[in-house]
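Peer 1: Okay, sequence plus prediction incoming.
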Amino acid sequence: MSDLTADAVATEHAGASPEGGNPAAPGGGRTVAAAVPPSLVTRLAAGVTATGEPSVVETVAPLTGERLAGLPRSTPADVEVAFQLARRAQSAWAALPVRRRAAVLLRFHDLLLKRQDEALDLVQAETGKARLHAFEEVMAVAMAARHYGRGAQGYLKDRRRGGALPVLTHTVEARRPKGVVGHISPWNYPLELCIGDLLPAFVAGNAVVNKPDTQTALTALWARELLIEAGLPADLWQVVIGDGPVIGPAVVEHADYVSFTGSTRTGREVAQRAAARLVGASLELGGKNAMLVLSDADLDAAAAGAVRACFSSAGQLCISIERLLVHRSVAEEFLERFVARTRALRLGGGLAYGADMGSLVSARQLDTTTRHVEEAVKAGATVLAGGRARPELGPYFHEPTILDGVTPGMAVCGEETFGPVVSVYRFDTEEEAVAAANSTPYGLNSSVWTRDLRRGRAVAARLRTGTVNVNESYAAAYGSVGAPMGGMGDSGLGRRHGAEGILRFTEAQTIATQRVMPIAPSFGLDDRQFAAVMTGGLRVLKALRFK
């Protein structure tokens, strides 16, 4: 496709599809080449910490398969320099009042919404996702900026705690920044999973050395540029680029805290390296998420929700649904609706609204998706919708796919596909559905559909996942930025969002001031008398219900 732009391909094939296949979305918007000119790449690349004469790492536009950018490759020595620069900037930043740091986030919020088309073009160009799904990232980041911009003072303020001796001991819990956070962010949500996590780190008083995935580094560099425009000191956010096995360990080696989003396998390695240095880490990892359609569900709403749950960002979302559990009594009615909606999804790669699903990001993701589908079909599964690649639309397009008859021996049953593929399973009882949903080592997200909200919340409480959405796919829980979001089991450690999302970037410090008398024998009491007085005092405190 070297002589065609994604827009031209989409226009040429608009409305056309292989027999029974998904229709192509009409073209529109700018081409990738126009949206990401060499001048923009050069400007953004200047934000990479890479000394000397660095080698160049190439990225590819998923929508066309053509070269997108050449970026400087950092070395482990560059990572060390990045941490040095960040540490020098961090002390002055931490000394500012929280309200001053929070004001930067609020200005960034406004700039992001004003210039969102720039962000959308970059996210689409680097990931291949549909524009609506790119907008989800803009929306999520704006919500995080507003939340922590407004709430940071409350989260970080000194808090009075019960002292050792009432009245005599004045105790305060304070929050201090970790120092320099090492942040390793993935390619699938390059705006949200990069800066969305960094905003609370910055407002808590930290500096950051960020290793974004090379494929989507332009989006991270653009966000850095915008945050600097909003008032962030430039040295406070260092960006390093390079191969994960080389640069990732170097980031962990120097960090005071590590924030990582990615695969469970790599997350284990990050956790081991951080633990060896006695450094804290938060890890959002993989998932094999389930959606439960109960017997009393609104089937039209559930079918529409399943489309969002399974095929947003072409299924390349940690919290997307890959297992669909449907009560046997409504399974056929539900599937009729779900299959029809899935087959109607418009595939396209124009840098404009209108496509329902975009491309996968790489040949690797396409290969995994294709392998899971083909192996399942060969072993006896049935394709209800999709099931094939669409190379006429772009090199990594694959139709949204629904599989029935999947069994435990198939790779698609237990492995994370991270593509537009969902498997359907039927259940007879609520207990059976809960057991099936929990029958995986992962525990990131789940979804429950029912007309009885009390029942939905009761089922949700039995699911072993960090977030559960009742009558929504993933956006309700993820978008509730005042509440924690993260995984259980093999899906990770720690939480983003809410209090945990900012306090993870701080150290708790207790400052206790003793007054009048020490906690030791005094006023002429000997050891035995002191122990007797304190024993009586402890009994009184319990009787008076002191904590």
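Peer 2: Here it is on my side, so go on.

Peer 1: and the residue nearest to Y396 when sequence neighbours are not counted, how many neighbours?
Peer 2: Closest residue to Y396 apart from its sequence neighbours, by C-beta to C-beta, 6 or more residues apart in numbering: L360 at 4.2 Å. Placement of C-beta: from N, CA and C, glycine included. Neighbours of L360 under the rule other C-beta atoms under 10 Å: 30.

Peer 1: middle-most residue in the chain, spatially?
Peer 2: If you average the C-alpha coordinates of the chain and look for the closest C-alpha using C-alpha atoms, centre = their mean, you land on L193, 4.6 Å from that point.

Peer 1: was I right about that one contacting L199?
Peer 2: No - here L193 does not reach L199: they are 12.0 Å apart, not a contact under C-beta atoms under 8 Å.

Peer 1: quick one, what contacts E375?
Peer 2: M410, A411, V412 (C-beta atoms under 8 Å, 6 or more residues apart in numbering).

Peer 1: in a helix, that's where it is, yeah?
Peer 2: Yes - with the criterion set as DSSP: H, G, I helix; E, B strand; the rest coil, the secondary structure at E375 is a helix.

Peer 1: mind checking how far the one helix or strand V339 maps to is from the chain centre?
Peer 2: With secondary structure defined by DSSP states H and E, V339 is part of helix 331-344. A distance of 29 Å separates the C-alpha centroid of helix 331-344 from that of its chain, computed with C-alpha atoms, centre = their mean, to the nearest Å.

Peer 1: what comes into contact with that helix?
Peer 2: Residues from elsewhere that reach helix 331-344, judged by C-beta under 8 Å, 6+ apart: 20, 22-23, 293, 297, 299-300, 302-304, 306-307, 311, 324, 326, 384-386, 400, 402, 404, 424, 426.

Peer 1: Narrow those residues to those in strands?
Peer 2: Cross-referencing those with the strands (criterion: DSSP state E) gives V293, L324, V326, L384, A385, I402, D404, V424, R426 as the overlap.

Peer 1: can you pull the pLDDT of the third one?
Peer 2: The score at V326 is 98. That number is its pLDDT.

Peer 1: again, but for the fifth one
Peer 2: Looking at A385, its pLDDT stands at 98.

Peer 1: Please apply the same query to the last one.
Peer 2: According to the predicted model, the pLDDT of R426 comes to 98.

Peer 1: pretty sure it is touching H327, no?
Peer 2: Yes - R426 is within contact range of H327, at 7.4 Å (criterion: C-beta under 8 Å).

Peer 1: Would you mind telling me which of those two has the busier surroundings?
Peer 2: Residue environment comparison for R426 versus H327 gives the larger neighbour count to H327, 22 against 19, counting by other C-beta under 10 Å.

Peer 1: top helix in the protein by residue count?
Peer 2: When the chain is parsed with DSSP state H, its longest helix is helix 131-156.

Peer 1: Flag every buried residue along it.
Peer 2: Of the residues in helix 131-156, those buried by neighbour count under the rule 16 or more other C-beta atoms under 10 Å are 131-149, 151-152, 155-156.

Peer 1: again, but for stretch 505-520
Peer 2: Applying a neighbour-count criterion of 16+ other C-beta under 10 Å, one finds F505, T506 buried in stretch 505-520.

Peer 1: Need the contact partners of that stretch.
Peer 2: 156, 161, 163-165, 167-178, 181, 200-201, 204-206, 257, 259, 523, 530.

Peer 1: Can you list which of the residues you listed are found in helices?
Peer 2: Among these, the members falling in helices (DSSP H) are L156, P200, A201, F530.

Peer 1: one step back: ranking the ones in strands among the contacts of helix 331-344 by neighbours, who comes first?
Peer 2: Counting neighbours by other C-beta under 10 Å, V293 comes out on top of these with 29 neighbours.

Peer 1: Please give me every residue in contact with it.
Peer 2: Residues counted as contacts of V293 (C-beta under 8 Å, 6+ apart) are L299, A302, A306, L324, L325, V326, H327, V330, F334, W449.

Peer 1: The second one: neighbouring residues, count only.
Peer 2: A total of 27 residues lie near A302 under the criterion other C-beta under 10 Å.

Peer 1: Can you get me a residue count around the closest residue to R426 other than its chain neighbours?
Peer 2: Nearest residue to R426 in three dimensions, chain neighbours excluded: R328, at 4.6 Å (C-beta to C-beta, 6+ apart). Residues within reach of R328, counting by other C-beta under 10 Å, total 12.

Peer 1: same question, S491
Peer 2: Counted with other C-beta under 10 Å, the burial measure for S491 works out to 28 neighbours.

Peer 1: Mind pulling up the pLDDT for G498?
Peer 2: What the model reports as pLDDT for G498 is 97.

Peer 1: what's the answer for R454, then?
Peer 2: Among the per-residue scores, R454 shows a pLDDT of 98.

Peer 1: does it count as helix, strand or coil?
Peer 2: Remark: R454 carries the secondary structure label helix [criterion: three-state DSSP].

Peer 1: roughly how far apart are it and V470?
Peer 2: Summarising the geometry, the distance separating R454 from V470, computed by C-beta to C-beta, to the nearest Å, is 10 Å.

Peer 1: So between the two, which is more surrounded?
Peer 2: When R454 is set against V470 and neighbours are counted by other C-beta under 10 Å, the residue ahead is V470, at 21 against 9.

Peer 1: Give me the nearest residue to the more buried one, chain neighbours excluded.
Peer 2: Of all residues apart from its sequence neighbours, G456 sits closest to V470 (C-beta to C-beta, 6+ apart), at 3.9 Å.

Peer 1: residues in contact with stretch 317-324?
Peer 2: With C-beta under 8 Å, 6+ apart as the test, stretch 317-324 has contacts from 188-189, 261, 284-291, 293, 306, 309-313, 315, 338, 402, 412, 416-417, 421-425, 436-437, 444-445, 447, 467, 473-474, 478, 491.

Peer 1: just to revisit the earlier point, tell me the buried residues within the contacts of E375.
Peer 2: Buried residues within the contacts of E375, defined by neighbour count using 16+ other C-beta under 10 Å: M410, V412.
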